[in-house]
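[1] sequence first, then the predicted structure:
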Amino acid sequence: MSDTPRVRFAPSPTGYLHVGGARTALFNWLYARHRGGKFILRVEDTDEARNTEAAKEAIFDGMKWLGLDWDEGPGAGGDFGPYFQSQRKAIYDDYFAKLEAAGRVYFEDNGAARFKFSRQPILVPDMVCGDVHFAATEEPDMTIRRPDGSYIFHFVNVVDDIEMKITHVIRGEDHLSNTWKHIDLFHAFGKHAPRYAHIPLILNPTGSKMSKRDEGSAIASYQEAGFLPDAVFNYLCMLGWTPKAGEKLDRATLIAAFEPSDIHSANARFDMTKCTWFNAQYLRELSPEALFATALPFLEAKGLQISDHAMAAKAVYSVKEKVSLLGEVPSWVHYFFTDDYSYEPDVMTKLKAKPENATLLSELKADLGNLAAWDEHTIHTGIEATAARLAVKAGALMPLLRFALSGQSRGPGVATIIDLLGKDRTVARIERTLGLL
RNA sequence: GACCCCUUCGUCUAGCGGUUAGGACACAUCCCUUUCACGGAUGCGACACGGGUUCGAGUCCCGUAGGGGUCGCCA
């Protein structure tokens, strides 16, 4: 047997890339990278009625987003193309003729062709499930070609796996029950079946199969919500596989550790909360520059006017540990980018609750306006000095400043906000707030 | 209905005959703290059930129940 495995992901472009498919692709990719083999993308578009161009693009986009690059397939070339099944009819005709010659095909009255099962017990050796035995079947022979001459999944799948020299088939466990049919076909062609690894299904939180309705089922939705590809990649790995090295692991480590026989055979439920936790972890590892670059599209999507990128980058970085998703960033920093910020109802109530708040803010405005230097330390010291002069605790002044400058009850450190705002805007914002009290 | 896979805290899981059944997420409490977070500490919390095998079973076997899947001229 060849030392370099050839594995494939064979999606059907009838919908968006869903999380189950993505993880199947991911495990195949990991295996190819782990063993130094080839990862092939083959588009199973034999069902003309259900294929769409948009679905095809969505699958490619999703895989690229996750970093699952393919060595052979659409856009990547390869010696075993074409990689669209819709373009391989001549090959299928050829194989069909072989089957016919072997006396394993017969036709229905309407022209549909069926493959005559061997009716022998068939063993499916599986790297995940172990040896799975299927007794000689009583199922009707399976249809492999439609009356219009187009071929059915089971047939083209096997033919292409032969033609593309696939050595390992890693796919969802929903295929396990049909695998004996594929092996029967391989044998009919006089070929050995590839090695199989049927991976567990991803279930929704309720425990049934993930469907379009379920949160997190579409890979594109992660991109939209502000997940980082590495985080989703990492989380998806942990659904059905537990490397000894731990949970949060980078790609190189995952590749090095991947072993199909370590994959569990029990289905796993999807947990968006934990997926989000992974994302928060990855977010915190981003450099200020990288964080800003990835967050910028989300800020712009919310209509924030970002003119000063240096300041914006610092603002985003200041809330790094407060967010789990990039989509949450705008709500934490929007007030940095408009002087027409609004006040949370709660905030205004608190500001108006005590008459002396206005006095305190006036004093702060004056003192801050007189600061000689402008950095977090100086600002912090300045506020403490004001507190001392007014015989109040600095801790009493901080919330007032936060409320006045941001209109928010939560956010980065007050000195950080002031530093980023600059002296002029700080003074102006306190004035603006005083005018509303 | 037949066949296939599966069954440890709420969730993801460690465990591969002898463990106080461990970790992560979530949750709760405390610490840190100008807020919110982060971080740290502690707590809560599981071997589906019934039979075997064994000196000893979460670990092996059988059964039951439950969950998932497949039986398409979908993939």
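    Okay, I see it.
[2] low-confidence ranges, the stretch 151-300 of chain A, go.
    Applying pLDDT under 70 to the stretch 151-300 of chain A flags no residue at all.
[3] how does it look with 90?
    Flagging of the stretch 151-300 of chain A using pLDDT under 90 yields the residue ranges A:206-215, A:244-245.
[4] now the helices for it?
    A:153-163, A:179-188, A:219-225, A:229-237, A:251-257, A:272-284, A:288-301 (DSSP state H, counting those that start in this stretch).
[5] please compute how far the longest one lies from its chain's middle.
    What separates the centre of helix A:288-301 from the centre of its chain is 18 Å, taken as C-alpha atoms, centre = their mean, to the nearest Å.
[6] got the buried residues for stretch A:78-86?
    The neighbour-count check on stretch A:78-86 (16 or more other C-beta atoms under 10 Å) flags A:Gly78, A:Phe80, A:Gly81, A:Tyr83, A:Phe84, A:Gln85, A:Ser86 as buried. In this view, the C-beta of every residue, glycine as well, is placed from N, C-alpha and C.
[7] equivalent analysis for stretch A:339-355, please.
    Of all the residues in stretch A:339-355, those buried under the rule 16+ other C-beta under 10 Å are A:Tyr343, A:Val347, A:Met348, A:Lys350, A:Leu351.
[8] likewise for stretch A:20-39?
    Neighbour counts using 16+ other C-beta under 10 Å place A:20-35, A:37-39 of stretch A:20-39 among the buried residues.
[9] now do stretch A:121-129
    In stretch A:121-129, counting by 16+ other C-beta under 10 Å, buried: A:Ile122, A:Val124, A:Asp126, A:Met127, A:Val128, A:Cys129.
[10] tell me the one among those nearest to RNA strand B.
    Proximity of the buried residues of stretch A:121-129 to RNA strand B (C-beta to the nearest atom of the strand) peaks at A:Cys129, which lies at 4.4 Å.
[11] for A:Arg145, which non-adjacent residue is spatially closest?
    Spatial nearest neighbour of A:Arg145, chain neighbours left out: A:Ala113 (4.0 Å); criterion: C-beta to C-beta, 6 or more residues apart in numbering.
[12] pretty sure the one you found contacts A:Tyr106?
    Yes - counting by C-beta atoms under 8 Å, A:Ala113 touches A:Tyr106, with 7.2 Å between them.
[13] ok, the two, which is more surrounded?
    A:Ala113 (22 against 12; other C-beta atoms under 10 Å).
[14] any idea how far A:Glu376 is from A:Asp339?
    21 Å (C-beta to C-beta, to the nearest Å).
[15] burial check on A:Lys393, number of neighbours?
    There are 11 residues near A:Lys393, going by other C-beta under 10 Å.
[16] quick one, what contacts it?
    Shown in contact with A:Lys393 (C-beta atoms under 8 Å, 6 or more residues apart in numbering): A:Ala387.
[17] pretty sure A:Gln120 is in a helix, no?
    No - the assignment for A:Gln120, made by DSSP: H, G, I helix; E, B strand; the rest coil, is coil rather than a helix.
[18] list the contacts for it?
    A:Ala136.
[19] same thing but at 10 Å, please
    Going by C-beta atoms under 10 Å, 6 or more residues apart in numbering, A:Gln120 touches A:Phe134, A:Ala135, A:Ala136, A:Thr137, A:Trp180, A:Asp184, A:His187.
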